[in-house]
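[1] Task: produce atomic coordinates for the following.
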Amino acid sequence: MSDIPEVLFVCVHNAGRSQMAAALLDHHAAGRVRVRSAGSAPAGTINPAVIAVMDEFGLDLSKEFPKPLTTEAVQAADVVITMGCGDACPIFPGKRYLDWQLDDPAGKPVDQVRPIRDEIDRRVRDLLAELVPAH
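    Numbers count the residues shown, from 1 in each chain. Next up is the predicted model:
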């Protein structure tokens, strides 16, 4: 691992879970972790309910967009966290892979997306404490 760990969050559409995880880790890490997100089959836009619940945390995803998963992004990452991307994520030796089983926010109203966001936030904080221990 480099001095600054790099984390890649991957889901199918990169329109919900992986976007929330990336924004939350980037926010909490405050520059101590490099964060990317991608999708194995990216959607056209970010889920509006996801944008709304992240805005409640003061995090603006309105300018974000779904990005395709690339081999380069996986190779650059120290930790790859998948969220329902199945076998679409390439596996490279020496990488740490975690699979987070989370509900897909697609098609859900804001009140059903909030608990998904809150669970992602909890997991992201745990991951950050592991990657960048408090001094």
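[2] what about the strands in the protein?
    Ranges of strands in the chain, per DSSP state E, are 6-11, 34-39, 79-83, 96-99.
[3] For the second one, list every residue counted as buried.
    With burial defined by 16 or more other C-beta atoms under 10 Å, the residues of strand 34-39 counted as buried are Arg34, Val35, Arg36, Ser37, Ala38, Gly39. Glycine gets a C-beta too; all of them are placed from N, C-alpha and C.
[4] what about Ile120, neighbour count?
    Neighbour count of Ile120, defined by other C-beta atoms under 10 Å: 26.
[5] which ones are touching it?
    Arg17, Met20, Ala21, Leu24, Trp100, Leu102 (C-beta atoms under 8 Å, 6 or more residues apart in numbering).
[6] quick one: average pLDDT of the biggest helix by length in the chain?
    In the chain, taking DSSP state H as the definition, the longest helix is helix 110-131. Helix 110-131 carries an average pLDDT of 97.
[7] Would you mind getting the angle between it and strand 34-39?
    140 degrees (axes from the mean of the first three to the mean of the last three C-alpha atoms, to 10 degrees).
[8] Tell me which of the strands of the chain sits most buried.
    The highest average neighbour count among these, using mean count of other C-beta atoms under 10 Å, belongs to strand 6-11 at a mean of 26.
[9] hmm, back to that, for Ile51, which of the strands of the chain is the nearest?
    strand 34-39 (14.2 Å; C-beta to C-beta).
[10] Now do that closest one and strand 6-11, the angle between them.
    Strand 34-39 and strand 6-11 are oriented at 20 degrees to each other (the same axes, to 10 degrees).
[11] Quick one: list the elements packing against strand 34-39.
    For strand 34-39, the elements it packs on are strand 6-11, helix 17-29, helix 71-76, judged by 3 or more C-beta pairs under 8 Å, 6 or more residues apart in numbering; DSSP states H and E.
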